[in-house]
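no FASTA, just this:
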């Protein structure tokens, strides 16, 4: 019989505050003004940033280990790197739908959004429900979160093709949203769903072709770019090696 996993000792408010301060101090020590100033080249805001590379943040995440209470406190700092760190110390099983919604509403840049979705949210048991909800949201980053999360699940989730076929319906509905971060999220989701199985590749390619012929400028861009990548030599070789249907 395996040993029970020991529970983390309960923190006092003062201890939690000290742990957050220590993490921020470590990030500041490992920051670079030059790196921070260069963030603008990638469309990332630097007004709340310290200037720490993601690889360095990952190292701190490994040192700290999984700690969902600390993740919540780090998120509340509104520091760019602290919110990236949340992705590596947060615990998917402890995420609640309400917390995911709160953090989704806080998204104001693609860097934090994509990292949190790809590393943390995609492991949550609530992920599929949030895709359904967020893909219909109006704010730009909240809506992008739905499509990015769909793209992330396309890479790792064990669900069968039916769920992803429904995801293609959401993609088609979002394909006319011309806002930069939404249309790129929609495109990413379409390409990602299409790489899972031969069945999904056929469906995604058909959708991409249909969108490419649309009268809507954004839908045409989404469709043409996705079709080009879904029908490229490397992708077609990959699809030949996959089973006809997914999990």
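Received the coordinates, thanks. Note that this is a predicted model, so its numbers are computed, not measured. Residues are numbered from 1 along each chain as shown.

And residue 205, how far from residue 91?
With distances taken as C-beta to C-beta, to the nearest Å, residue 205 is found 37 Å from residue 91. No exception for glycine: its C-beta is placed from N, CA and C like everyone else's.

Number of residues surrounding residue 157?
Residue 157: 18 surrounding residues under other C-beta atoms under 10 Å.

quick thing: my sequence starts at 56, can you match it?
Noted, 56 is the first residue going forward, which turns the last one into residue 212.

What pLDDT does the model give the spatially closest residue to it that is not a sequence neighbour?
Once flanking residues are discounted, residue 212 sits nearest to residue 177: 7.2 Å by C-beta to C-beta, 6 or more residues apart in numbering. Per-residue pLDDT puts residue 177 at 96.

ok, how many other residues are close to residue 177?
Close neighbours of residue 177, defined as other C-beta under 10 Å, add up to 21.

Show me what the one helix or strand residue 112 maps to is packed against.
Element membership for residue 112, per DSSP states H and E: helix 109-119. The contact analysis (3 or more C-beta pairs under 8 Å, 6 or more residues apart in numbering; DSSP states H and E) places helix 109-119 against helix 68-84, helix 135-144.

again, only this time at 10 Å
helix 68-84, helix 123-131, helix 135-144, helix 165-174 (3 or more C-beta pairs under 10 Å, 6 or more residues apart in numbering; DSSP states H and E).

So which bits of the first one are buried?
Right, helix 68-84. Residues of helix 68-84 classed as buried: 74-75, 78-79, 81-82 (neighbour count, 16 or more other C-beta atoms under 10 Å).

following it, which helix or strand comes up?
Next helix or strand after helix 68-84 toward the C-terminus (DSSP H and E): helix 88-93.

Okay, buried residues for that following helix please.
Residues of helix 88-93 classed as buried: 90-91 (neighbour count, 16+ other C-beta under 10 Å).
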